[in-house]
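In: Just the structure for this:
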Amino acid sequence: MDLLQIALIFLILLLSVFLAITGIQVFFILRDLKKALDKFNAILQTGENIAEDIERPVAAASVAVTGAGMQAVANAAQALRKVIKPKPKRFYKKVL
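Out: Below is the predicted model of the structure:
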């Protein structure tokens, strides 16, 4: 074999080894990226669950305040009208 052929075969083998090592490194990097994204997704899911748990009682309180609150205000206004009777106004002047 010629020296040039031996050098080319050596370079091809060397490049193949480097490409294989690079491929393995890319595989490990992508695997770590997947783990990090899974952890990030779990954190976001936890935050979403917390937000939903907070939203339910707030929504229920909002419905209770708007629905029953208006009725309670109307009932309180009627009770106040009964308790505080307005003084009738005179349409004439009182003369001494």
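
In: From now on I want contacts and neighbour counts done on CA atoms only, so please keep to that.
Out: Fine.

In: in this protein, which spans are helices?
Out: Taking DSSP state H as the test, the helices found in the chain are 3-83.

In: pLDDT below threshold where in it?
Out: The chain contains residues with pLDDT under 70 at 64-65, 67-69, 86-88, 90-96.

In: Residue nearest the middle of it, spatially speaking?
Out: Geometric centre of the chain, nearest residue: residue 48, 4.6 Å, by CA atoms, centre = their mean.

In: Would you quantify the distance from residue 49 to residue 37?
Out: 18 Å (CA to CA, to the nearest Å).

In: same question, residue 4
Out: Per CA to CA, residue 4 is found 48 Å from residue 37.

In: Same check on residue 47?
Out: Taking CA to CA, one finds residue 47 at 15 Å from residue 37.

In: now do residue 54
Out: Using CA to CA, we find residue 54 at a distance of 26 Å from residue 37.

In: quick one on the thing from earlier: comparing residue 4 and residue 37, which residue is more hemmed in?
Out: In terms of neighbours (other CA atoms under 10 Å), residue 37 is the more surrounded of residue 4 and residue 37; the figures are 12 against 9.

In: Quick check on residue 84: phi, psi?
Out: phi -100, psi 100 (degrees, to the nearest 10).

In: Pull the contacting residues for it.
Out: By CA atoms under 8 Å, 6 or more residues apart in numbering, the contact list for residue 84 is empty.

In: Residue numbering should commence at 22 henceforth.
Out: Sure, I'll start numbering at 22, so the last one becomes residue 105.
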